[in-house]
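Visitor: pasting the structure only:
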């Protein structure tokens, strides 16, 4: 029995020689589980994942890239408030901190800190 390589084939076809490491990791996850399961795990639609694999996603891929790097590749950054966190968590907090919330002290600290963090200028 051969391994499922549909997603990897799609990624190589769409990206060619310039296949980024994070798209490769995404394709591997899709081939190991399914595109729908990978999408659910990452918090995106299967259509968005399909478009990324095909290199036809119209919007910026930075948000998806950071999520893949955090969830599938276990990449981390050092947050001035939370310490070592996944890139996906960093992206989530940056999104949440755009609006003030006094829900708890962490939300307040992130609201104050995220805009001046070096990660805030990563092109997302």
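Guide: Happy to help now that I have it. All values reported here derive from a predicted model rather than from experimental measurement. Numbers count the residues shown, from 1 in each chain.
Visitor: Where does the prediction get shaky in this protein?
Guide: In the prediction, the chain carries residues with pLDDT under 70 at positions 1-3, 122-124.
Visitor: What is the longest helix anywhere in it packed up against?
Guide: Counting residues, the longest helix in the chain under DSSP state H turns out to be helix 21-32. With contacts defined as 3 or more C-beta pairs under 8 Å, 6 or more residues apart in numbering; DSSP states H and E, the packing partners of helix 21-32 are helix 6-15, helix 35-42, helix 46-53, helix 62-71. Where C-beta positions appear, they are placed from N, C-alpha and C, glycine not excepted.
Visitor: what does it contact?
Guide: The list of residues contacting helix 21-32 from outside it, by C-beta atoms under 8 Å, 6 or more residues apart in numbering, reads 3-8, 10-11, 15, 38, 41, 49, 52-53, 55, 65, 68-69, 72-73.
Visitor: burial measure for the nearest residue to residue 101 once chain neighbours are set aside, as a count.
Guide: Once flanking residues are discounted, residue 101 sits nearest to residue 107: 4.4 Å by C-beta to C-beta, 6 or more residues apart in numbering. The number of residues packed around residue 107, counting by other C-beta atoms under 10 Å, is 16.
Visitor: what about residue 107, which helix or strand?
Guide: In this structure, residue 107 sits in helix 105-113 according to DSSP states H and E.
Visitor: Repeat that for residue 78.
Guide: strand 76-79.
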